[in-house]
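1. the following comprises the amino acid sequence and a computationally predicted model.
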Amino acid sequence: MATEAPRAAKSVPEAGFDPVLADVHRLGEALHARSEEVVARTVDETVASGELLEASIQESFVTVAHNSTYGVSRWIAGDDVQVTFASAEETSRVFGEVAARRATSLQEVLRRTLVWRNVMASVLRDCAEQLDTDPDALTRALATLQFAVEATTLRVCECFESERRRTDEALAHREEELAFLATHDPLTGLPNRALILDRLGQMLARATRTRAPVTALFIDLDGFKSINDTLGHRAGDQLLQGVAARLQDVVRGSDALGRLGGDEFVVIAEELTRSDGAELLAQRLLAALQTPFALGEDGEVSLTVTASIGAATGCERAADELLRDADIAMYRAKHDGRNRYALFEVGMQHRMQDRLELEMALRGALANEQLRLVYQPTLRLADMCPTGVEALLRWEHPDRGTISPATFIPLLEESGQIVEVGRWVLEQACRQAAAWRAEGHDLAIAVNVSGRQLDSDRLVDDVRHVLERTGLQPQALTIEITETTLMRSVEETSLRLAAIRALGVRIAIDDFGTGYSSLAHLKAFAVDALKIDRSFVSGLAGNREGRTLIHAVVQLGQALAIETVAEGIEEADELSLLRDERCDSGQGFLFARPLEAQEIPAFVSSRGLR
């Protein structure tokens, strides 16, 4: 029987070959080839249906679409999974930046992710149809895509949650900062007025039960504005921080130190065991400031500062009332000479009110023409011939009459009005002296200059301009500065006085003997006259210390060719001793009280000088 012809052999797949997986890889390659199409369609569909985003954020989404399309397509194509991980890391970084910028919502990010997924799925189905791949291959590819979307969604949520936590922490930290700033001084870190008043209120509440008194000490630095004006605000801030640290070392743990603003500090304490506890604490606070402060970037400036302290003690008081009383006592300490403390007493408030009323009235005194000048003659002691006058300021209050200079000059200093008033005094005095000289009276004029005026270079310009306007010869003008003022800032003061002296104007040190200047300082300042303070002249016959100082000053003046002028000569025996010591000049009630401008010519004529 004939045999059948043999059948063709059926092809058998190689061992381990997976045709479905091969189709999956073919889909991945096709998807990769159409990456740009995926990105373009995703962008078009998200822009058409979503919210408008700023250009940089839109660009971030385009970057994510590129990275994700590349990573997923290469994963489906069979590349190493590390390629996908690298793409996922970059996508996470971009999403983290978007979350940090809070430029769009999590909902919009997820919506755009789903749009991208749908475009990817659509392109995969199209590729599967074109390549006639096994249906299972498409199912696997879509499953891979869905896994990638779910992983991306999880990562997006993690980024946004991480950013939310970071933002919440930042907000909480900022709230803590704001709460601290609401109750503390940002420069020193000390409690501010609000917190001090709160703590003082708590102390006083306890005091009503325990009957233990509460003390408030109001601390105000002396001359702080001049320090700020001279050394600058940075040095002023350094000083305030240094003062805060010094005071903090003095107070007890149960006490509270605060800064009320500017150069004002306060200490509140309860249960001070001794009856003089407030005074002892005030003394310790003053002592803490005695050591000089090192200011400047390298501590090159050494500065000593003092303070005036007012203390008030009470139990059944409101917090603001106790603090007010301490403030009033502080002004008492400042009025009494500064660098000291004062305890609040009944009646201080009325004096403080009177002081405030005077200060308010003083602000309008110059404009209302209530200020005027009188002139104290200066005589050459050798022949008792008048050589000049010193201009002295007076205030005629419309209701209170003549106000003592000892009362209103400190008010001018503390309020800063002394600069404007001092400029007016200089102008008026030079104008009057020029008028006398034009009438034939060869008189010089001396004008006192305050520390506030000397703190600024403008003083030099003021002197120059006044001489130009009035026509007064420079050598007929003497600028008087107290010895204490002279030593406040030696280097700057020396430069300004040298500039004034270069104009031809004379320089005199007033109240000499009451400050701390030395022979070296006298040479540095190149002064023309020393005015011996009246405390050394008064009762000279029985004032051994005064006689010794006058002898030394006169000898010093003769050695340095500096004129010596004795102030406050009231008795004939004082004049006799001063002439014996060969003191050059003098002034005082023995010769004449301060005179009105129109009285000066007659006084000069009576002394034999035209």
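-> Cool, got the structure.
2. which intervals of the stretch 51-200 of the chain have sub-threshold pLDDT?
-> The stretch 51-200 of the chain contains residues with pLDDT under 70 at 51-54, 84-85, 88, 92, 95-97, 99-103.
3. can you give me the helices for it?
-> For the stretch 51-200 of the chain, applying DSSP state H, counting those that start in this stretch gives helices covering 55-76, 81-101, 106-131, 135-183, 193-210.
4. let me have these in TSV, extended by mean neighbour count and distance to residue 444.
-> Any C-beta I mention is one placed from the backbone N, CA and C, and that applies to glycine too. Converted to TSV, the helices of the stretch 51-200 of the chain look like this (neighbours: other CB atoms under 10 Å; distance: least, CB to CB, whole Å):
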stretch	mean neighbour count	distance to residue 444
helix 55-76	20	77
helix 81-101	17	76
helix 106-131	18	87
helix 135-183	14	58
helix 193-210	16	51
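5. possible to save these as JSON lines with distance to residue 353?
-> Below are the helices of the stretch 51-200 of the chain laid out as JSON lines (distance: least, CB to CB, whole Å):
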{"stretch": "helix 55-76", "distance to residue 353": "65"}
{"stretch": "helix 81-101", "distance to residue 353": "59"}
{"stretch": "helix 106-131", "distance to residue 353": "65"}
{"stretch": "helix 135-183", "distance to residue 353": "31"}
{"stretch": "helix 193-210", "distance to residue 353": "22"}
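6. among those, which comes closest to residue 492?
-> helix 193-210 (33.9 Å; CB to CB).
7. contacts for the closest one?
-> 182-184, 191, 212-214, 216, 256, 258, 260-261, 266, 268, 270-271, 314-320, 322-323 (CB atoms under 8 Å, 6 or more residues apart in numbering).
8. looking at this structure, which helix or strand is least sure?
-> helix 519-525 (a mean of 62; mean pLDDT, DSSP states H and E).
9. elements contacting the lengthiest strand in the chain?
-> Looking across the chain with DSSP state E, the single longest strand is strand 385-397. If you count contacts as 3 or more CB pairs under 8 Å, 6 or more residues apart in numbering; DSSP states H and E, strand 385-397 packs onto strand 371-380, strand 401-403, helix 405-415, helix 418-438, strand 444-448, helix 600-606.
10. what comes up buried for that strand?
-> 386, 387, 388, 389, 390, 391, 392, 393, 394, 395 (16 or more other CB atoms under 10 Å).
11. please apply the same query to stretch 254-272.
-> Of the residues in stretch 254-272, those buried (16+ other CB under 10 Å) are 255-260, 263-272.
12. kindly report the same for stretch 225-235.
-> Buried-residue list, stretch 225-235, by 16+ other CB under 10 Å: 226, 227, 228, 229, 230, 231, 235.
13. so after the helix or strand hosting the second one, what's the next helix or strand?
-> Here residue 227 sits within helix 224-231, counting by DSSP states H and E. Counting by DSSP H and E, the element after helix 224-231 in chain order, helix or strand, is helix 233-250.
14. helices or strands next to that following helix in the packing?
-> strand 214-221, helix 224-231, strand 256-261, strand 264-270, helix 277-288, strand 293-295, strand 301-303.
15. okay, these in JSON lines with distance to residue 414 and mean pLDDT next?
-> Output for the helices and strands packed on helix 233-250, formatted as JSON lines (distance: least, CB to CB, whole Å; pLDDT from 0 to 100):
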{"stretch": "strand 214-221", "distance to residue 414": "10", "mean pLDDT": "94"}
{"stretch": "helix 224-231", "distance to residue 414": "9", "mean pLDDT": "80"}
{"stretch": "strand 256-261", "distance to residue 414": "16", "mean pLDDT": "93"}
{"stretch": "strand 264-270", "distance to residue 414": "13", "mean pLDDT": "94"}
{"stretch": "helix 277-288", "distance to residue 414": "20", "mean pLDDT": "93"}
{"stretch": "strand 293-295", "distance to residue 414": "22", "mean pLDDT": "91"}
{"stretch": "strand 301-303", "distance to residue 414": "20", "mean pLDDT": "86"}
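16. and the buried residues of stretch 254-272, which is closest to residue 35?
-> The shortest gap between residue 35 and any of the buried residues of stretch 254-272 belongs to residue 259, at 65.2 Å (CB to CB).
17. isn't that closest one up against residue 247?
-> No: the criterion here is CB atoms under 8 Å, and residue 259 misses it with residue 247 at 9.5 Å.
18. now do the shared contacts for the two.
-> Joint contacts of residue 259 and residue 247 (CB under 8 Å, 6+ apart) are residue 265.
19. which pair in the buried residues of strand 385-397 spans the largest distance?
-> Longest span within the buried residues of strand 385-397, CB to CB: 387 and 395, 27.8 Å.
20. how close does residue 351 sit to residue 335?
-> Note on residue 351: its distance to residue 335, by CB to CB, to the nearest Å, is 9 Å.
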